[in-house]
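**Student:** Mind looking at a prediction? Sequence and model below.
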Amino acid sequence: MEQLDSSPFNVHIAFHKVLENLEEIAESDIEYRSDYAKALLRHAEEFPELREGITDFKFLDKHKDLIENLLADLFPSALTKNEIKAVAIPFHNITFNHTERFQNIINAAGDKVDMAIRNFDDHEFYVMGCCMILNGYYGYHFDFNRPLFYDIPDTDGIVKHYRILYNADFIEISPTEKAIEITDEDVKVLMDSFHDIDLWKEKFPIGSWVLKGFGIVSLFDASTESAISNLKSDLLKTEDFDEDTKSNHETIFRSIYKIPDLKIGFTEADLDDNIFKTAPFEKIDSYILKDRKEANCDNVFCHKSLKDIIDNHSYFVLSDTESIANSDHNNSGIAKHLLAQGIKSCILAPLVKNNTLMGIIELVSSKAGELNSINANKLSYILPFLTDRIESYYSELQNQVDAIIQKEYTAIHHSVYWKFREEALQHVGDKNSKDLAYKEIVFKEIYPLYGQIDVKGSSTARNDSTELDLVKQIELLLSLFRYIFEVEKLPLIEQHIYELEGMEEKIKKVLQADSEAVIQNYIQNEVHPLLKHFDSVNKSVHERISDYFKTLDNRVNMVYDNRKNFDEALSIINKHLAEMLDKKQIEAQEFYPHYYERFKTDGVEHNLYIGASIAPKHPYSPLYLSNLRLWQLQTMCEMENEYYKLRPALPYDLDVTSLILVFSSPISIRFRMDEKRFDVDGTYNARYEVVKKRIDKSNIKGTNERITEKGKIVIVYSQKQEEMEYRRYIKALQHKGLITDTIEQFDVEDLQGVTGLKALRITIKYSDNSKTTYSYDDLLKELADK
């Protein structure tokens, strides 16, 4: 970090604007922000230089932590590994308070680092400083912006090029007594005298102005763009792949090939679907496709030529399309197609990145022989740069698509991603679509499957664990207060003993909804401060108080043993069962693509939707629905066995119950734009959701017995053919030894608006080899790692 000697500025690094902002925050009603600002301001008061200006740069290193805290809002810690940013004085080689990523770049360069701006000499530096004064102080509008770069080597000695962006919002410029008043006539002369450095120094003497404050410099890695520009300055100048870009490209290629009528095109390759299609860039022609949007790869080239393009990345060259078109050549079809467009010769070159064909760059001419296999070799030193640029376009396109999906939709399952991508591309590719509303995504005629493994009586278990912890803590406090009372017979201690005894009696009778909060508030705000007061009475009291505090959980400062065990047990169950379901789903997707989502609450729920509209490129058959239903039932059995393995090692004993809801009528699901999620569409289909939400708490008709029971899976249905179908699945799973021979059948009590539901209930056959797999310590470690 250094300050250049020849400058119109006397630099005073100051944080007065930041401090003024903190003063406003300190007066705000947001308590945590206000307290934080007040604390910083108190610390900063000790150093008036922070407000008035720092000229000794050693101060910056000495008070590095304070400055970092002052600038925390401008340099969020969450972005320190992503952003390349630092405090800087514009056009000076002064930087500090670097983000972690910036500092890593500097460290990697080591003693090779030179934080000098590329091609920015002392002359330009001085004039730019003067222009800052003319713009910032006098209100002129000299445009001195141009791309600025740092060239910094990495650990391998490869120089990377970083584009520089300045933020000067925190800088003030003011004259000293040495400053000379600038007139309009002076400005007119200076305007035409960029190269007269003596004139600029006459009007703006060295050190005659004060630059007070600080700037922020942000960098982004422009190495690829800069390298392309250096190696081929006229290649790919614009950011957008539009008409101007195409024209510039054609000019470059015409110059290289010395063919005045040469034209270029581009066709995207989608090998997953074996098609060529038009690229999502404006004004880029595809001579392979012409007026078509896509074409099957096998219908464009002959098999050998296609294989050479895809596998060997060979150029496809026709020096005389007319002669090939009029022959029985294997590629006469593509020759006729090109000839119809007036193309007499062409070079079609694959653009390949990471061994993947992205597309084909097309060079075409209206004259035979102009393009041939000899001059095709000229492409070898151009294509790498063009490939990088095309890749960057696709990366940016993907970012735009993903941004639209994230903003307008949500994180979605891969089975329906194609539908969201189609809609997003409509808005990315059409510049006139900015005002168009985003369509709601609808999948019609699909079949739903729902299943859940629920922790039985989780609310009761949670209350029981809370009661045990509160009673334990109250008894510890009662014992402690009674001991203190023997030493200090104060009425206040008696009062707390009386209140604690009353609380204990109440919660042993019934734990009310607010009991936990009331007792916790009482202990932390009244009891604990009192104990700290008595901590110094004598050694014995001190030891007992210390022992009491050691029993408390550090996070909540309360006895939390049973609640912690309950929380950990629930988390372990959810984690293992959800991971198992996710892994099984990967296999199930291989049968037929379908939508899958799962939720972790007090257990694990999942929704499956299958149908032709979800995977229109795959022929659909009812066989796939049957297969998925059998898969679901078998997976639920296996998840029950996974729980059986977990249970002995759980820190809190919990039971689970399992349920499957069968619904054979096809429904529609619609992505709700306001809620960013899928929901059933239509009044009739809503019946399915009503049943889903209420069924697990239902009773067997005519009894008070729940339809769900530990160690069993209940299958709820409404139609006779559904019963017959699932009895077949049950027989298959009995044969595999996953369930016992016992099958219960009963009617389900009527729900609001829903009647006639029936159920089969089967008993899980837990395997002998699944008893002793897990230990509590292993499960706890897995949970911590997760």
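**Tutor:** Thanks, I have the structure now. Bear in mind that the values here come from a model prediction, so they are computed numbers and not experimental data.
**Student:** most remote residue from the chain's center?
**Tutor:** residue 489 (60.7 Å; C-alpha atoms, centre = their mean).
**Student:** show me the contacts for residue 516.
**Tutor:** 466, 470 (C-beta atoms under 8 Å, 6 or more residues apart in numbering). Backbone N, C-alpha and C define where each C-beta goes, glycine included.
**Student:** SS state for it?
**Tutor:** Following DSSP: H, G, I helix; E, B strand; the rest coil, residue 516 is assigned to helix.
**Student:** How much space separates it from residue 462?
**Tutor:** Residue 516 is 10 Å from residue 462, where distance means C-beta to C-beta, to the nearest Å.
**Student:** quick one on the thing from earlier: surely the residue farthest from the centre of the chain is in a strand?
**Tutor:** No: counting by three-state DSSP, residue 489 is located in no strand; its state is coil.
**Student:** any idea how far it is from residue 481?
**Tutor:** 12 Å.
**Student:** anything in contact with each of these two?
**Tutor:** With C-beta under 8 Å, 6+ apart, residue 489 and residue 481 have no common neighbours.
**Student:** beta partners of the nearest residue to residue 346 once chain neighbours are set aside?
**Tutor:** Nearest non-adjacent residue to residue 346, counting by C-beta to C-beta, 6 or more residues apart in numbering: residue 364, 4.6 Å away. Assessed by DSSP bridges, residue 364 has beta-bridge partners residue 263, residue 346.
**Student:** same question, residue 712
**Tutor:** Beta-bridge partners for residue 712, by DSSP bridges, are residue 763.
**Student:** and it, how many neighbours does it have?
**Tutor:** 19 (other C-beta atoms under 10 Å).
**Student:** list the contacts for residue 734?
**Tutor:** 740, 741.
**Student:** And it, what's its pLDDT?
**Tutor:** Per-residue confidence (pLDDT) for residue 734: 93.
**Student:** Low-confidence bits of the stretch 251-400 of the chain, can you list those?
**Tutor:** 251-252, 255-256, 282-283, 381 (pLDDT under 70).
**Student:** could you pull out the helices for it?
**Tutor:** With helices called from DSSP state H, counting those that start in this stretch, the stretch 251-400 of the chain shows them at 303-310, 321-325, 332-339, 383-408.
**Student:** looking at these, which is closest to residue 653?
**Tutor:** Ranking the helices of the stretch 251-400 of the chain by proximity to residue 653 (C-beta to C-beta) places helix 383-408 first, at 41.5 Å.
**Student:** Give me the neighbour count for the residue nearest to residue 574 when sequence neighbours are not counted.
**Tutor:** Spatially, and ignoring its direct neighbours in sequence, residue 574 is nearest to residue 600 (4.4 Å; C-beta to C-beta, 6+ apart). Using other C-beta under 10 Å, residue 600 has 14 other residues around it.
**Student:** Pull up the gap between residue 600 and residue 650, please.
**Tutor:** Distance from residue 600 to residue 650, by C-beta to C-beta: 16 Å.
**Student:** before we move on, what about residue 269?
**Tutor:** Taking C-beta to C-beta, one finds residue 269 at 53 Å from residue 650.
**Student:** Who has more neighbours out of the two?
**Tutor:** When residue 269 and residue 650 are compared for neighbours, residue 269 comes out ahead with 23 against 19, by other C-beta under 10 Å.
**Student:** show me the contacts for the more buried one.
**Tutor:** Residue 269 neighbours (C-beta under 8 Å, 6+ apart): 276, 297, 310, 350, 357, 358, 359, 360.
**Student:** Okay, the last one and residue 445: tell me how far apart.
**Tutor:** Going back to what we said before, that points to residue 360. Taking C-beta to C-beta, one finds residue 360 at 38 Å from residue 445.
**Student:** higher neighbour count, those two?
**Tutor:** residue 360 (23 against 12).
**Student:** Am I right that the more buried one is in contact with residue 352?
**Tutor:** No: contact criterion C-beta atoms under 8 Å: residue 360 and residue 352 do not qualify, at 10.2 Å.
**Student:** okay, now residue 552: neighbour count?
**Tutor:** Burial of residue 552 is recorded as 17 neighbouring residues (other C-beta under 10 Å).
**Student:** Would you check that it makes contact with residue 559?
**Tutor:** Yes: counting by C-beta under 8 Å, residue 552 does reach residue 559; the two are 6.1 Å apart.
**Student:** tell me, what's touching the two both at once?
**Tutor:** residue 473.
**Student:** what ranges do the strands span in the stretch 501-650 of the chain?
**Tutor:** 595-601, 603-610 (DSSP state E, counting those that start in this stretch).
**Student:** Parallel or antiparallel, list what pairs with the first one.
**Tutor:** Strand 595-601 pairs in its sheet with strand 603-610 (antiparallel), by DSSP bridges.
**Student:** Distance from the chain centre to the strand it pairs with, please.
**Tutor:** Distance, stretch centre to chain centre, for strand 603-610: 24 Å (C-alpha atoms, centre = their mean, to the nearest Å).
**Student:** what does that strand rub up against?
**Tutor:** With C-beta under 8 Å, 6+ apart, strand 603-610 has contacts from 443, 446-455, 458, 573-574, 577-578, 581, 592, 594-599, 624-625, 628, 632, 639, 656, 669, 678.
**Student:** any idea of the mean pLDDT for that strand?
**Tutor:** 91.
**Student:** in that strand, what's buried?
**Tutor:** By neighbour count on 16 or more other C-beta atoms under 10 Å, the buried set for strand 603-610 is 603, 604, 605, 606, 607, 608, 609, 610.
**Student:** cool, stretch 709-725 as well?
**Tutor:** 709, 711, 712, 713, 714, 715, 716, 717, 718, 722, 723, 725.
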